[in-house]
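Visitor: okay, structure incoming, though there's no sequence with it:
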C-alpha cells in the first residue's frame, strides 16, 4: 500500500516553511492572510510563520496592496465586477479594509484605457452585460430585463448602474428599453 502524504512528525522550521510559502506563491500572487493560512495548515509555529511572512514581505513577495491591485486588474480584464463585489472578494482573501479602500479609491496604475479595460463602474457593468449576452440580442420583455438586472446586481453593481447599462445596451441596438 502506498504511503500517504501527511504532515511531517515535526513542525516545519523556517527553511521548510519558506519552501511551503514559495510553492503557494508560485501559482499566483497571494495575500498575507492566504500565505499565513497555508503555513498554519503545514503546522508551522506562530514564530516561524511571522518570520517567514516578514521575510517574504521584505522581498516584496507578500504585499496586500500589490495583491489587491493585481486582483482588481484581473477582474477588470476577465470578469468585471462592481466595487462592492470586488471588496467582498478581497475581504474573503484576508485583505484589510484600509487596503481595499486605498486600492478602490486610487487610479489604476496599469493604465486601463491603454489596455482596453473598463475605467468606470458604468464601463465595468457594460462589459459584464456584454459578456453575459455573448453576442445575443438584448431581450425586450420585462421579465428577462429584470433577470439581467439581477444578474448585474449579483456581480456587485448597484441598481442604478445596472439599469444604465441595460439602457445603454438597448440604445446601441435601437431597442426601447423601459
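Guide: Yep, it's here. Note that the structure is predicted; figures quoted are calculated from it, not measured.
Visitor: please, which helix or strand holds residue 130?
Guide: Using DSSP states H and E, residue 130 falls within helix 121-133.
Visitor: residues making contact with that helix?
Guide: For helix 121-133, the surrounding residues in contact (CB atoms under 8 Å, 6 or more residues apart in numbering) are 76, 79-83, 118, 148, 151-152, 155, 157, 161-162, 164-166, 168-169. Where C-beta positions appear, they are placed from N, C-alpha and C, glycine not excepted.
Visitor: check stretch 16-32 too.
Guide: Outside stretch 16-32, the residues that touch it by CB under 8 Å, 6+ apart are 12, 34-35, 38-39, 42, 44, 48-49, 51-53, 55-57, 61-62, 64, 66-68, 70-71, 90, 93-95.
Visitor: how far does that stretch sit from its chain's centre?
Guide: 18 Å (CA atoms, centre = their mean, to the nearest Å).
Visitor: just the buried residues out of the contacts of helix 121-133, in ChimeraX syntax.
Guide: Buried residues among the contacts of helix 121-133 (16 or more other CB atoms under 10 Å), as a ChimeraX selection:
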select :76,80,81,82,83,118,148,152,155,157,161,162,164,165,166,169
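Visitor: among the contacts of helix 121-133, name the ones in strands.
Guide: Nothing among the contacts of helix 121-133 maps onto strands, per DSSP state E.
Visitor: excluding chain neighbours, what is closest to the most centrally placed residue in the chain?
Guide: Ranked by distance to the mean C-alpha position of the chain (CA atoms, centre = their mean), the top residue is residue 71 at 4.2 Å. Of all residues not flanking residue 71 in the chain, residue 90 sits nearest, at 6.1 Å (CB to CB, 6 or more residues apart in numbering).
Visitor: thanks a lot, catch you later.
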